[in-house]
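Trainee: my questions are about this predicted structure, shown below with the sequence.
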There are 2 protein chains.
Amino acid sequence: MSPFFASRWVDVPDGLTEIAGGGLPQGFRAAGVACGLKADGGLDLGLLVSDEPATVSAARFTRSGVLAAPVLVTQQRARLDAIRVVAANSGTANAATGNRGLDEAARMQGAAAMAGRTEPDRVAVCSTGVIGVQLDGRKVVSGLHAASSKLAGDDADFCAAIMTTDKFEKRVTLELQLSGGPVRLSAQAKGAGMIQPAFATMLCFVQTDAALEAATAELLLGVCVKRSFDRISVDGQLSTNDTVILQAGGASGVAVAPESADELAFGQALDALLRQLALLIVKDGEGARRIGRVGVRGGDQQGVERVARAVANSPLVKTALYGGDPNWGRIAQSIGMALPNSSPLVYDIAIEGMQVAAGGQGLAHDSAELARRVAANEVEYSIGLAGDGAETEVFFSDLGHEYITVNAEYTT
Amino acid sequence: MSPFFASRWVDVPDGLTEIAGGGLPQGFRAAGVACGLKADGGLDLGLLVSDEPATVSAARFTRSGVLAAPVLVTQQRARLDAIRVVAANSGTANAATGNRGLDEAARMQGAAAMAGRTEPDRVAVCSTGVIGVQLDGRKVVSGLHAASSKLAGDDADFCAAIMTTDKFEKRVTLELQLSGGPVRLSAQAKGAGMIQPAFATMLCFVQTDAALEAATAELLLGVCVKRSFDRISVDGQLSTNDTVILQAGGASGVAVAPESADELAFGQALDALLRQLALLIVKDGEGARRIGRVGVRGGDQQGVERVARAVANSPLVKTALYGGDPNWGRIAQSIGMALPNSSPLVYDIAIEGMQVAAGGQGLAHDSAELARRVAANEVEYSIGLAGDGAETEVFFSDLGHEYITVNAEYTT
């Protein structure tokens, strides 16, 4: 078990290993520069380039009704199955910025195309930061020019340039054994607040030197996002800017054929990668101390989804998790809220394997032992509803003092 | 303007005055005792009796799928249009307590009937406190017996006995001039956390010596709850125990005829009373420093409701309110989250009368003046959506450090 794969909630497939020292797969280069968008002078503009003309890609975006300008520009002006260049800035989200915001995002796309020596429709642009602040396109254009001369196989500066309230970087390089030989995957993610999916509020970029068909990339990214960034919440808040991009350049010469054992292995590796990254985002949830996982079984799909979200987003459950308080009554309250007008509800609750309620009624249990178990870094809540039709899970952060401090003071 | 009616968001009708010194209307008596349910030995059991046999009533309850035992017992075994006695305890919610909980609630109902010299089906029982803890019926029975000998016209101890994390009492006595003479209304409410309606999570008892028909009480309570407890949120959490009861005893001899000017006047008085009580609950929201009001116009009814709830329950908006931060970008984010897959959304945002966004785009504004305005005790957010079909409002508390402290430590 490597340091990256640290959670019991991620299954790491055989043949997948972490590469210490990291870096990008063959055929990719990246850079990060400070162009003046962050007031503290930190790195705030990242450029990532695939040198392989045949690079294929897949992408997923936020479903917010208020889409940031870079999301609109990328969706409308980029070939989402053939993205070679990613330009991403922190400091401003370029959201709620109107036509001028769209112009600036398009200008960023054009400058990134020049910097990456490709066409604008092969460039994705992403922004993260304060909503409602215009992007200063002059700074971005000169920053991208500077970044183009720093492109290299290391992704540390690129990753740093997309961070906002993140307290630690979320990146990794993995090697996977396939039938044709080894391939590498690397990924950089950011996200700490405004995190609730459908899918989660964050940026994540994944690169591989495996050769994938665009349809395969699309299929695998879709499945893996549903099991990772779709299943996490820090504060239940869907953002305006969420973007996930998978790029496959093919420089390894190792192809992943559709419906092959290699495709399955690659999918499992991508699944483990994205799930662990999602958990790192929850772990870095603003001020978070502990991660919870709520699993719900029974009922129907809509019911388990509503219950899981209600528990994961309950400030009462989240403060109890923060306080190391095994307050199962707040779980019961969330279940009732999620399924209104359905009394009497029959439900079971277990916390870290200890049954605390059955058939809607509390059970005698060893509360000292339970208190010990909920003081761990990861706490699991299992809920059973009547029937056995459906199942889901949501990972969530606790809610503590630092969340208040961060969010009462962040911006304006 | 009296001390009770302190909010600009409540219209106080002519002819309605606050009676200093308070107390119950003619024909009502109450008491509060300590029966040992609260660990600190505080008052924890209240008894409220209408001596008029012809008393009529109306009631509203939580819609949670997990209903507390006293809610079930009251709904199933009491004549909701003829309640004479209310027994309410704090310390335990008697929720998620199964058949034993139902037995204890029924026992409480029977003991309260004896204490109030009426039949069990004219008794409402209410509980508030920790979920999942059994109610100790022996303590309750002997406590109700003790309370029966203390019944008097003062409601202070009764009000104290229903408080949990409340930091101040919420009660008032009002006098209203009707065509037939003056009538009085008194009310006692509790609530500070687990507050989100449909309707709000709290207990509220209203008494009047006016003579109302049961149908009038039902009509007026329904309308006024929709404009008060239905429109508030502290933490977006629907409770298992919410109960509101209006009792009209008729001892004043002043009748309120259906569809009369007096009915309108009585309705306006009840509306002002419940709205101000609802605002007091928000003000007492655990750790709250400021109250926000979000008003949404345009679109359709479902749309304005979703947007208003999304803003009122956003931890990002609530921490900004706490921090006195005029962060309108978080309002834009909430709007987008509430109306997914609807980009591009056209919306306007004003904060305390200052326009900060129009047509989905930020506007230049005097940010120093705006910062000054959002530091007030009450902050108003106005959102306009495309179209002019619907309108709603939600009142909400901020989210601060004390909420974390209270909820990370309350119970188990």
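Mentor: The structure has been received and is ready for your questions.
Trainee: double-check that A:G32 belongs to a strand.
Mentor: Yes - counting by DSSP: H, G, I helix; E, B strand; the rest coil, A:G32 is part of a strand.
Trainee: mind checking what helix or strand follows the helix ranked longest in chain A in sequence?
Mentor: The longest helix of chain A (DSSP state H) is helix A:261-283. Sequence order places strand A:291-297 as the next helix or strand after helix A:261-283, per DSSP states H and E.
Trainee: does the next helix or strand after that following strand come close to chain B?
Mentor: Note on strand A:291-297: by DSSP H and E, the next helix or strand toward the C-terminus is helix A:301-312. No - judged by C-beta under 8 Å from any C-beta of the partner chain, helix A:301-312 stays clear of chain B, getting no closer than 8.9 Å. Every C-beta, even on glycine, is put in place using the N, C-alpha and C of the backbone.
Trainee: got a list of contacts for helix A:301-312?
Mentor: A:233, A:236, A:292, A:294-299, A:317, A:331, A:334-335, A:337-339, A:381, A:383, A:385, A:389-396 (C-beta atoms under 8 Å, 6 or more residues apart in numbering or on different chains).
Trainee: per-domain residue ranges of chain A.
Mentor: If you go by automatic domain parsing, the domain ranges for chain A are A:16-283, A:291-409.
Trainee: just to revisit the earlier point, buried residues in the longest helix of chain A?
Mentor: Residues of helix A:261-283 classed as buried: A:262-263, A:265-283 (neighbour count, 16 or more other C-beta atoms under 10 Å in any protein chain shown).
Trainee: in PDB, list the C-alpha atoms belonging to it.
Mentor: Below are the C-alpha coordinates for helix A:261-283, written out as PDB (Å, rounded to 0.1, in the frame of the first residue of the first chain):
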ATOM      1  CA  ALA A 261      -8.800  -7.300 -20.200                       C
ATOM      2  CA  ASP A 262      -6.600  -4.200 -20.600                       C
ATOM      3  CA  GLU A 263      -9.600  -1.900 -20.700                       C
ATOM      4  CA  LEU A 264     -10.900  -3.500 -17.500                       C
ATOM      5  CA  ALA A 265      -7.500  -3.100 -15.800                       C
ATOM      6  CA  PHE A 266      -7.200   0.500 -17.000                       C
ATOM      7  CA  GLY A 267     -10.700   1.200 -15.800                       C
ATOM      8  CA  GLN A 268      -9.900  -0.200 -12.400                       C
ATOM      9  CA  ALA A 269      -6.800   1.800 -12.100                       C
ATOM     10  CA  LEU A 270      -8.600   5.000 -13.100                       C
ATOM     11  CA  ASP A 271     -11.300   4.100 -10.600                       C
ATOM     12  CA  ALA A 272      -8.800   3.800  -7.800                       C
ATOM     13  CA  LEU A 273      -7.100   7.000  -8.800                       C
ATOM     14  CA  LEU A 274     -10.200   9.100  -9.000                       C
ATOM     15  CA  ARG A 275     -11.700   7.600  -5.800                       C
ATOM     16  CA  GLN A 276      -8.500   8.300  -3.800                       C
ATOM     17  CA  LEU A 277      -8.300  11.900  -5.300                       C
ATOM     18  CA  ALA A 278     -12.000  12.400  -4.300                       C
ATOM     19  CA  LEU A 279     -11.300  11.300  -0.800                       C
ATOM     20  CA  LEU A 280      -8.300  13.700  -0.700                       C
ATOM     21  CA  ILE A 281     -10.600  16.500  -1.600                       C
ATOM     22  CA  VAL A 282     -12.900  15.600   1.200                       C
ATOM     23  CA  LYS A 283     -10.000  15.200   3.600                       C
END
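Trainee: that one packs against which elements?
Mentor: strand A:16-18, strand A:170-178, strand A:181-190, strand A:203-208, helix A:214-226, strand A:232-233, strand A:291-297, strand A:391-397 (3 or more C-beta pairs under 8 Å, 6 or more residues apart in numbering or on different chains; DSSP states H and E).
Trainee: and it, what's its mean pLDDT?
Mentor: Summarised as a single mean, pLDDT over helix A:261-283 is 94.
Trainee: just the angle between that helix and strand A:391-397, please?
Mentor: 40 degrees (axes from the mean of the first three to the mean of the last three C-alpha atoms, to 10 degrees).
Trainee: the helices in the stretch 1-150 of chain A, which residues?
Mentor: If DSSP state H, counting those that start in this stretch is used as the criterion, the helices of the stretch 1-150 of chain A fall at A:69-77, A:98-116, A:137-148.
Trainee: from memory A:L363 sits against A:M354, does it?
Mentor: No - counting by C-beta atoms under 8 Å, A:L363 stays clear of A:M354, with 9.2 Å between them.
Trainee: my read is A:S382 is in a strand, agree?
Mentor: Yes - assessed with three-state DSSP, A:S382 lies in a strand.
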